[in-house]
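*Asks:* take this sequence and fold it.
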Amino acid sequence: MIIFGGPLETQLYSRESIELPAIIRDRLPRIRSIHQPQNSDEIQELFSYCQKNRLSLIPRGAATSGIGCLIALKKSILVDLTNLNKILDLDERTKTLRVEAGVRWWEVQHFLKAHNLALYTCPSSLFSTVGGWLATGGYGINSYRYGHVSNAVDSLQIAAPRRTAWLYPTSPEFKHFLGTEGQMGIIVQVKLRVREACPSKTYLALFDTVVEAMEFVSRALRSLRPSPVHVSFFDRNRLAHKNLWLDSKVRFPRSEAVLLSFETPPPEDELSSRIEKANGTMAGKHLAAFLWHERFSPFSIRHFAPAVLGCEVILPLSNIPAHLARTRKFGEDYGLSLSTEASLIDSNKAVVFSIFPSNPRNLSHYFHLFLTYSLAHLALRSGGKPYGIGTWNLPLIRDLFSKEELKERRIYKRDTDPARLLNPGKSFLSVWPWTGLLRTAFETSGLVAHGLPFLKPWLRVPKVGSRNGHRRLPEAESCANCGACVVVCPAYLKMGTELVTAKGKLLLIRRLLRGDSISRSTAENVFYCLHCRLCEHVCQSKLSLIPVWEKLESIIEKRYGRPAEKIKAFMEEVETDSAYTRLLDTFGLAPQNGHQGMPYV
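*Replies:* Next up is the predicted model:
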């Protein structure tokens, strides 16, 4: 078992896509250490260790959540499960794939592609772990056709205190490990049902109003055959954010949009006719292709904003127009650059994702955090419910689960984890004072959910409506903390610590800019880099990183010197590793000798 205990590593591994202000973070219990178990036996050892030392245990996947899943409410250790990352067995006859829970969806998808197979559904955070998404989410790409990811789960191996077992969908316990965010136990292995791969074709329909777009979705798509596998809605503000990445000659018009992906598309003239009858127009294929390519980059706006806040809920499709009318007025009242994207999970419901930029350096950021609760209030009034709980949404737990479901899960939690080792104070059996404080904040936020326009001049946020009018942020401030760079980093494959990855080095830069001291051994991690540009290739914030690494290495070399022998040994070891060659092949890169980098193709 690998264990990390340095302050920089504990900060790095406990970061999520939405970070707490330091004034709050520094007043919460600190995570003592990071543990990377290799199997279920080592997980059981950690349960025993925590019980003996009166510590809690927080499971961690790729840390892509933004709802406080990794926040410690008690003295805790963090159990990083990303070393459980093997693809174990593919049965092509039964079309089932067995994997360890720490493997990333990107790796699974790439493995299946080589066998002409595909996932039924996958998350938009493609670099999240299989176990992490099962524990925290479950709706994503292709859910319109195939539903929740649990529909494709054949079985789960779980580790709970003093018990390891395989569970099947027919087991009464099965549901307690899906969407409960590591409260009941840790998912160790997953057996997934997969399908034959099928090429897709994507279309984009543009409408003048949200009502017209939703009517097209609710009426036309119910009768359209064959039906699409994925349907997304983008409001005009969301398209404006996407325009930041397009040439001024190729842009989305100021419209509401519906993106449709088919595996067996209907005749194009029939689809175009349906769109026209709904008062819409078919957009160019290049715009549809761009949005489909962007489906795995929901936080690309971070390239231009110091922070992104928001709210993710499940809403009835029929209530989306009224909800968007409320949230748009809310955004105007507070001067928020609020944008919305929705992914249909069936013909009646959608996961709705509303975000706005903020700046943690301004005092207004604290009020913006408070306003995310106001957005949740607006969603509840529109018949919605939270998509996840984590820590921030603890006041909404009764809106996600019925009374009977809550009672059943609380009983199961008491029986399975009587010592409350797993995520104490979160979701179930919550008795921490922190829970009461969050509930008070949520109730108070309802008072300002209708907007207080006189506050608008005091709540300045970054304007992101025009790329030419908005300065690109420094790379250290633009990291979305999505974890994509980790899984493709050759240095991470060899060293096993996220300090050598892009997200680790960008955090190190922030520490250096604040004037914090770092040890020589920590500083040397920046040199374990091939400059292969794989982190740039998958970066959700689309950062240009190689010049940053060159500058960082120069700074560290001046302070601590350059460990030439260690770098040489590292380079030789990585460049002869077959895993490194496979990574380069995946992205069409060719190896080049030396530490000065490789061409980006």
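
*Asks:* and the closest residue to residue 545 other than its chain neighbours, how many residues sit next to it?
*Replies:* Leaving aside its chain neighbours, residue 545 sits nearest to residue 536 (5.1 Å; criterion: CB to CB, 6 or more residues apart in numbering). Any C-beta I mention is one placed from the backbone N, CA and C, and that applies to glycine too. Using other CB atoms under 10 Å, the number of residues around residue 536 comes to 17.

*Asks:* would you confirm that residue 536 contacts residue 547?
*Replies:* No: using CB atoms under 8 Å, residue 536 makes no contact with residue 547, being 10.5 Å away.

*Asks:* output the contacting helices and strands for the helix or strand where the residue nearest to residue 545 lies.
*Replies:* For residue 536, the host element (DSSP states H and E) is helix 534-538. Packing contacts for helix 534-538, counted by 3 or more CB pairs under 8 Å, 6 or more residues apart in numbering; DSSP states H and E, involve helix 484-487, helix 578-587.

*Asks:* check which residues of the last one are buried.
*Replies:* Buried residues in helix 578-587, counting neighbours by 16 or more other CB atoms under 10 Å, are found at 580, 583-584.

*Asks:* could you chop this protein up by domain?
*Replies:* Domains of the chain are assigned by automatic domain parsing as 2-80, 87-196, 201-385, 475-587.

*Asks:* what's the closest of those domains to residue 420?
*Replies:* Checking those against residue 420 by CB to CB gives domain 2-80 as the closest, at 7.2 Å.

*Asks:* distance between that closest one and the chain's centre?
*Replies:* 18 Å (CA atoms, centre = their mean, to the nearest Å).

*Asks:* which one is residue 489 nearest to, not counting chain neighbours?
*Replies:* Excluding its sequence neighbours, the residue lying closest to residue 489 (CB to CB, 6+ apart) is residue 501, at 4.6 Å.

*Asks:* run through the residues that contact that neighbour.
*Replies:* Residue 501 sits next to 485-486, 489, 491-492, 535 when contact means CB atoms under 8 Å, 6 or more residues apart in numbering.

*Asks:* with distance to residue 78 and neighbour count added, can I get those in a markdown table?
*Replies:* Output for the contacts of residue 501, formatted as a markdown table (distance: CB to CB, whole Å; neighbours: other CB atoms under 10 Å):
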| residue | distance to residue 78 | neighbour count |
| --- | --- | --- |
| 485 | 20 | 27 |
| 486 | 15 | 22 |
| 489 | 20 | 25 |
| 491 | 21 | 23 |
| 492 | 17 | 21 |
| 535 | 23 | 25 |
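
*Asks:* out of the residues you listed, which one sits closest to residue 27?
*Replies:* Taking CB to CB as the measure, residue 27 sits nearest to residue 486 out of these, at 28.7 Å.

*Asks:* who are the contact partners of that closest one?
*Replies:* 62, 82, 127, 492, 498, 501, 503 are the contacts of residue 486 under CB under 8 Å, 6+ apart.

*Asks:* roughly how far does it sit from residue 367?
*Replies:* Distance, residue 486 to residue 367, using CB to CB, to the nearest Å: 33 Å.

*Asks:* residue contacts, residue 155?
*Replies:* 166-169, 190-191.

*Asks:* so what's residue 412 closest to, chain neighbours aside?
*Replies:* Leaving out its chain neighbours, the residue that sits closest to residue 412 by CB to CB, 6+ apart is residue 176, at 5.2 Å.

*Asks:* that's a strand at the one you found, yeah?
*Replies:* No: secondary structure of residue 176 (DSSP: H, G, I helix; E, B strand; the rest coil): helix, not part of a strand.

*Asks:* from residue 165, how far off is it?
*Replies:* 12 Å.

*Asks:* is it possible to get CSV of the helices and strands packed on helix 534-538 that adds distance to residue 355?
*Replies:* Converted to CSV, these look like this (distance: least, CB to CB, whole Å):
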stretch, distance to residue 355
helix 484-487, 18
helix 578-587, 28
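
*Asks:* distance between the helix or strand containing residue 292 and the chain's centre?
*Replies:* In the assignment (DSSP H and E), residue 292 maps to helix 285-293. Counting by CA atoms, centre = their mean, helix 285-293 is centred 21 Å from the centre of its parent chain.

*Asks:* give me every residue that touches the residue nearest to residue 412.
*Replies:* Contacts of residue 176 (CB under 8 Å, 6+ apart): 184, 409, 412, 416.

*Asks:* just the ones of those in helices?
*Replies:* Applying DSSP state H to the contacts of residue 176, the entries found in helices are 409, 412, 416.

*Asks:* ok, these vs residue 213, which is closest?
*Replies:* Residue 213 has its nearest neighbour among these in residue 409, at 36.8 Å by CB to CB.

*Asks:* against residue 539, how distant is the closest one?
*Replies:* As for residue 409, its distance to residue 539 is 38 Å (criterion: CB to CB).

*Asks:* please say which of those two ends up with more neighbours.
*Replies:* Neighbour totals were compared for residue 409 and residue 539, and residue 539 leads with 26 against 20 (other CB under 10 Å).

*Asks:* can you tell me how far the more buried one is from residue 479?
*Replies:* For residue 539, the distance to residue 479 - CB to CB - is 8 Å.

*Asks:* what about the closest residue to residue 241 other than its chain neighbours, neighbour count?
*Replies:* Excluding the flanking residues, the one nearest residue 241 by CB to CB, 6+ apart is residue 301, at 5.0 Å. Other residues near residue 301 come to 25 when the count uses other CB under 10 Å.

*Asks:* now do residue 188
*Replies:* Residues lying near residue 188 (other CB under 10 Å) number 22.

*Asks:* save the ones in helices among the contacts of residue 176 as TSV, and put in distance to residue 276 and pLDDT too.
*Replies:* Formatted as TSV, the ones in helices among the contacts of residue 176 follow (distance: CB to CB, whole Å; pLDDT from 0 to 100):
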residue	distance to residue 276	pLDDT
409	48	93
412	53	94
416	56	93
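
*Asks:* list just the nearest of the residues you listed to residue 384.
*Replies:* Minimum distance to residue 384 across the ones in helices among the contacts of residue 176 is 20.9 Å, recorded for residue 409 (CB to CB).

*Asks:* good, we can wrap up now.
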